[in-house]
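**Student:** Next comes the sequence, and after it the predicted model I'd like to discuss.
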Amino acid sequence: MADIAGLERLIEPEVKGLGYELVRVMMIGGTSDPTLQVMAERPDTRQLTLTDCERISRCLSETLDLADPIEGAYRLEVSSPGIDRPLTRLKDYTDWAGFEARVSFAEPHSGRKQYSGTLEGLDGDKVKLIDKSGAEHVLPFSEISSAKLLLTDKLINATAPLSTDGADTIQTIEE
């Protein structure tokens, strides 16, 4: 099993040095088809272009080849966090305040393992969320096992792509 915290310490300075922010490092695919997934974003747009992904991938490939932190063969996947992005950093909960999210815990918190609602920012190192009934929940960031934004019209409108050039020229082939 790869040391994710060690991989983050190796990868983050490289990503930052290129002018991007690291969102998440994760191993996916299991032992038969391991993939090192690196999510990053531009600080100004919170998105990545294909060129950005290529640039990060080339840099990380060299760094990972030299350090050799993962035993055996694996694939490197560099991507944008996507529209329903994972919330992995404390600042994500402030940056995405006002948007709907799902927050999960490995162990129950106040009798529940999952909360959904509108992010209301932070109270110190605790995440504030208001559920559909209007109840406020203050959730310890350190105990969150996973969290992500929920796909809503508001989120779609707020994360419009950097460019839609060519989108109106797509044609279907009629048989």
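**Tutor:** Structure received.

**Student:** domain parsing for this structure?
**Tutor:** For the chain, automatic domain parsing gives the domain ranges 4-79, 90-158.

**Student:** With mean pLDDT added, can I get those domains in a markdown table?
**Tutor:** Conversion of the domains of the chain to a markdown table gives the following (pLDDT from 0 to 100):
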| stretch | mean pLDDT |
| --- | --- |
| domain 4-79 | 94 |
| domain 90-158 | 95 |
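
**Student:** For those, please prepare JSON lines with the additional fields mean neighbour count.
**Tutor:** In this view, the C-beta of every residue, glycine as well, is placed from N, C-alpha and C. Shown next, in JSON lines, are the domains of the chain (neighbours: other Cβ atoms under 10 Å):
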{"stretch": "domain 4-79", "mean neighbour count": "15"}
{"stretch": "domain 90-158", "mean neighbour count": "15"}
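
**Student:** Now do the contacts for the residue lying closest to Ser142 once chain neighbours are set aside.
**Tutor:** Spatial nearest neighbour of Ser142, excluding adjacent residues (Cβ to Cβ, 6 or more residues apart in numbering): Asp125 at 6.9 Å. Asp125 makes contact with Leu90, Pro140, Phe141, Ser142, according to Cβ atoms under 8 Å, 6 or more residues apart in numbering.

**Student:** Please flag which of those residues sit within helices.
**Tutor:** Within the contacts of Asp125, residues falling in helices by DSSP state H are Leu90.

**Student:** Which pair of the contacts of Asp125 spans the longest distance?
**Tutor:** Maximum pairwise distance in those, criterion Cβ to Cβ, is 11.2 Å, between Leu90 and Pro140.

**Student:** any idea which element the residue nearest to Ala97 when sequence neighbours are not counted lies in?
**Tutor:** Leaving aside its sequence neighbours, Ala97 sits nearest to Gly121 (Cβ to Cβ, 6+ apart; 4.3 Å). Using DSSP states H and E, Gly121 sits in strand 112-123.

**Student:** just checking, what packs against that strand?
**Tutor:** helix 90-95, strand 100-109, strand 126-130, strand 136-140 (3 or more Cβ pairs under 8 Å, 6 or more residues apart in numbering; DSSP states H and E).

**Student:** okay, it in CSV with CA atoms only?
**Tutor:** The C-alpha trace of strand 112-123 is given here as CSV (Å, rounded to 0.1, in the frame of the first residue of the first chain):
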residue,chain,number,x,y,z
ARG,A,112,-24.9,9.7,11.9
LYS,A,113,-22.3,8.8,9.3
GLN,A,114,-23.5,11.2,6.6
TYR,A,115,-24.7,14.7,6.4
SER,A,116,-26.0,16.7,3.4
GLY,A,117,-26.9,20.3,3.2
THR,A,118,-25.6,23.8,2.4
LEU,A,119,-22.0,24.6,3.5
GLU,A,120,-21.9,27.6,5.8
GLY,A,121,-18.1,27.9,6.1
LEU,A,122,-16.0,27.2,9.2
ASP,A,123,-16.1,27.7,12.9
